[in-house]
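**Student:** build me a model:
(chains A and B)
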Amino acid sequence: MLSEGSSFMKGIALGGTFCLLLSLLGSFTPGMQSSPEDHHHHHHHIKAPTKDELQSLSDSQMVELSQRVRVYCVIMVQPSVLVYWSTAKDTWGKHCDNAVFYSSESAKALEAVDLNEQDEWAKLRKALKHAYDNAGDLRWFFVARSTTFAIIENLKYLVLAKDPNEPFYIGHAMKSGELEYVEYQSGIVLSYEALKRLVNVFKDEDKCPERGRALWKLSEEKQLAICLKYTGVFAENGEDIQGKRLFNSKSVGSLIQDSMDKKNLDVVEGCCSDLAITFSGMSPNQMQVMMFGVYRLRPYGHNFHDSLIFLPPEGSDND
Amino acid sequence: MKCLSASRFCFYLGFVVGTLSLYLFLRQLWFERSMELPVLGGVQGSSVAAVAEEKQASVERAALVNLNVPHHTGEYSRVADELYQKVRILCWVMTGPSNLQTKARHVKATWSRHCNVVVFMSSVDDPDFPTVGLGTGEGRDQLYWKTIRAFHYALEHHGNEADWFLKADDDTFVVVDNLRWVLSNHTPEEPLYFGKRFKPYAKQGYMSGGAGYVLSKEALRRFVEGFKSKVCTHTTSVEDLALGQCLEKMGVLAMDSRDTLQRETFHPFVPEHHLTGKFSKSFWYWNYCYYPIVEGPQCCSDLAVSFHYVDAELMYTLEYWTYHLRAYGYRYRYRPPLPQDLVERLAQSEGATVGAAGRGTVPAGIIVVGGGDQSKIEAVSYEGAASGSKIPMDNNRTAVTQERQQ
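**Tutor:** The predicted structure follows:
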């Protein structure tokens, strides 16, 4: 009995040491580590260039860059809720270099590309193909629903030092099993190269079918991620220097309320990024108020020595 | 079948148990440690600063000094800091015991931190919040009593610490830096008073209570003197009107607080209401406003000073919009000139400072376009003209911009 007991104890001791050794050896953090990164994931988190990185660029390079980062906005509208189309057009859409609206069907008074399509994934495919064909000399693409609000200047700052001839697929990165995808609701950013590869893989019915072949339908945001993955393009998370989300699927008010509920010491600091790019779920009126809050309201005497200049759009008075 | 000996079996069992239990133990440890990390994603002590701030607030009765409010990295606040020294504002917030946790608390956590001095006025003393007890009751009929006593208290206890005295409600949001801008070209030795101007019942008009109003030191002295000499008495509980009438009797001037484009700065409603609402023609507001009502985006100055009927969530949202969220590199349409004496003060001390990355300083509002020998100075108009001019893109040119004003 005693020999069995002591063997048992020895077993426990050895087992414990074995586990400890393993954890120290492989920096094994039990349970919390996400699955080992694919060797393709060179840059998983995208942040805007820091002050130091920017200071290495000369003034003329700065100006050139301010003008060179130009964004084609792909804005998906629902003809049943026309007011979001007119609001997007009258608010944040003005800050895109080219804002093009895409609709499932035509409607009176609606100025949008008629995709003549009800299926969400097919709509997205057609819109992206159209955007690629009509890009002109624009090299960055921002895809959002008209119920999202975007601050395009902050988007430009985020991708400022990135080469659009490299594949980039950026937004709020989410994980579903092994698939990492960018959340549609908070806006999707694609570089020219990523879009080019995507349009190319559209032709491949095996890798990227137009109508999903799965028994249950995958959401269009996941379909997009799968197709891009085949071309070697992976989702990257947009965040600021402090690691805060830049792409949000909720409204400012909602996020503030969340911060209040969490009883943060500093509600505002614990809420949202200073250079946030998107918010979602706001009413048209709230979007007009956002224009005031983002582009106008500020405390006198506080300045930022930003390294870029973005001029206000012509013929506008709410920004 | 040959079985394992009992002790062998126990050994293996022990081994498995040992591994499993240590695994669970390590997992729990890691989990707990990750939960302790501060929620604030701050780098380099912004969370530390927040904790220190909270401690300080509960110890001192006065407001936090503006310079303790953490500035953002890359922010240049020389002008705001100069104005903080030059235009000293005492903010007193009208509140009551039942509103401390639901309303006043959020004022304390947001805009009131930017005042030179802040005092929360209530009917009763509360050393923990802290609030000053005015010895009145609570309720609408006590409003003017509270106002009278609050102003007397402010002059008596803090008369030397401030030049201007702001009254606000616990559901008013104030951008104190913008108030300093409005006041910067005036002297506190003149009897002046600013706010959202209403016209009825008083010849020169009076300022809306909810939108907040400000008295110069001389105006405050005259208000207190008015009660001492019985020229002013408690006439009605309609606090803003009664105060306006007293001030008029004492020769205090009701001023125009609109910006250089005649846009209102003090607002009696929330931003959404002013920016997107349509006031019905029968609404009392139409008959009350001293200046013509503008609906839509031009209702409100970029340098708005106040909003009213602001609930807790909107308080923090406004603080976020004002002091945090911005569009990187965006050049505002409205960029009014610096107050004259500030221009001189700043010019003296800035001198020949070379900014970051070798950019020289340039008088604000001017863009220098050109490189080498040929510099073309393109003066940009200050006030509100749509800045449709594009910066010419040419690899040989250098655009140097230095904005030291908005």
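**Student:** quick one: the helices in the stretch 201-350 of chain B?
**Tutor:** Here the stretch 201-350 of chain B has its helices, by DSSP state H, counting those that start in this stretch, at B:217-228, B:239-249, B:271-276, B:285-288, B:312-323, B:340-350.
**Student:** could you dump the fourth one to PDB, C-alpha only?
**Tutor:** Taking C-alpha atoms only, helix B:285-288 is exported to PDB below (Å, rounded to 0.1, in the frame of the first residue of the first chain):
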ATOM      1  CA  TYR B 285     -37.700  80.100 -28.800                       C
ATOM      2  CA  TRP B 286     -38.400  82.100 -31.900                       C
ATOM      3  CA  ASN B 287     -39.700  85.000 -29.900                       C
ATOM      4  CA  TYR B 288     -37.000  84.900 -27.200                       C
END
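**Student:** what's the burial count for whichever residue of the stretch 1-150 of chain B sits closest to chain A?
**Tutor:** Using Cβ to the nearest Cβ, the closest approach of the stretch 1-150 of chain B to chain A is made by residue B:14 at 2.2 Å. Using the backbone N, CA and C atoms, a C-beta is placed for each residue, glycine as well. Residue B:14 has 23 neighbours, counted by other Cβ atoms under 10 Å in any protein chain shown.
**Student:** ok so, going back, mean neighbour count, the helices of the stretch 201-350 of chain B: which tops it?
**Tutor:** helix B:312-323 (a mean of 23; mean count of other Cβ atoms under 10 Å in any protein chain shown).
**Student:** not counting its neighbours along the chain, what's nearest the residue of the stretch 1-150 of chain B closest to chain A?
**Tutor:** residue A:11 (2.2 Å; Cβ to Cβ, 6 or more residues apart in numbering or on different chains).
**Student:** show the pLDDT at that neighbour.
**Tutor:** Predicted confidence (pLDDT) for residue A:11: 80.
**Student:** ditto for residue B:68
**Tutor:** pLDDT, residue B:68: 46.
**Student:** quick one: low-confidence residue ranges for the stretch 151-300 of chain B.
**Tutor:** Applying pLDDT under 70 to the stretch 151-300 of chain B picks out no residues at all.
**Student:** what residues does it have near chain A?
**Tutor:** Within reach of chain A by Cβ under 8 Å from any Cβ of the partner chain, the stretch 151-300 of chain B has these residues: B:175-178, B:180-181, B:271-272, B:275-276, B:296-298, B:300.
**Student:** from the residues you listed, which two are the most distant?
**Tutor:** The largest separation in these, counting by Cβ to Cβ, is between B:180 and B:276 at 28.4 Å.
**Student:** okay, strands next: where are they in the stretch 151-300 of chain B?
**Tutor:** B:164-169, B:173-174, B:192-195, B:197-198, B:206-207, B:213-216, B:253-254 (DSSP state E, counting those that start in this stretch).
**Student:** would you list the ones you listed in a markdown table and tack on mean neighbour count?
**Tutor:** Output for the strands of the stretch 151-300 of chain B, formatted as a markdown table (neighbours: other Cβ atoms under 10 Å in any protein chain shown):
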| stretch | mean neighbour count |
| --- | --- |
| strand B:164-169 | 26 |
| strand B:173-174 | 28 |
| strand B:192-195 | 26 |
| strand B:197-198 | 25 |
| strand B:206-207 | 28 |
| strand B:213-216 | 27 |
| strand B:253-254 | 19 |
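**Student:** quick check: the residue of chain A nearest chain B.
**Tutor:** residue A:11 (2.2 Å).
**Student:** which residues does the helix or strand harbouring that residue contact?
**Tutor:** Using DSSP states H and E, the element containing residue A:11 is helix A:2-25. With Cβ atoms under 8 Å, 6 or more residues apart in numbering or on different chains as the test, helix A:2-25 has contacts from A:28-30, B:6-23, B:26.
**Student:** then it to PDB, C-alphas only?
**Tutor:** Output in PDB follows, covering the C-alpha atoms of helix A:2-25 (Å, rounded to 0.1, in the frame of the first residue of the first chain):
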ATOM      1  CA  LEU A   2       2.800   2.400   1.000                       C
ATOM      2  CA  SER A   3       4.800   1.600  -2.100                       C
ATOM      3  CA  GLU A   4       1.800   2.300  -4.200                       C
ATOM      4  CA  GLY A   5       1.200   5.600  -2.400                       C
ATOM      5  CA  SER A   6       4.800   6.700  -2.800                       C
ATOM      6  CA  SER A   7       4.700   5.700  -6.500                       C
ATOM      7  CA  PHE A   8       1.600   7.800  -6.900                       C
ATOM      8  CA  MET A   9       3.300  10.800  -5.200                       C
ATOM      9  CA  LYS A  10       6.400  10.400  -7.400                       C
ATOM     10  CA  GLY A  11       4.100  10.300 -10.300                       C
ATOM     11  CA  ILE A  12       2.500  13.600  -9.400                       C
ATOM     12  CA  ALA A  13       5.800  15.200  -8.700                       C
ATOM     13  CA  LEU A  14       7.200  14.100 -12.000                       C
ATOM     14  CA  GLY A  15       4.100  15.000 -13.900                       C
ATOM     15  CA  GLY A  16       4.100  18.500 -12.400                       C
ATOM     16  CA  THR A  17       7.700  19.100 -13.200                       C
ATOM     17  CA  PHE A  18       7.100  17.800 -16.700                       C
ATOM     18  CA  CYS A  19       4.300  20.300 -17.300                       C
ATOM     19  CA  LEU A  20       6.300  23.200 -15.800                       C
ATOM     20  CA  LEU A  21       9.200  22.300 -18.100                       C
ATOM     21  CA  LEU A  22       7.000  22.200 -21.100                       C
ATOM     22  CA  SER A  23       5.500  25.600 -20.300                       C
ATOM     23  CA  LEU A  24       8.900  27.200 -19.700                       C
ATOM     24  CA  LEU A  25      10.300  25.600 -22.800                       C
END
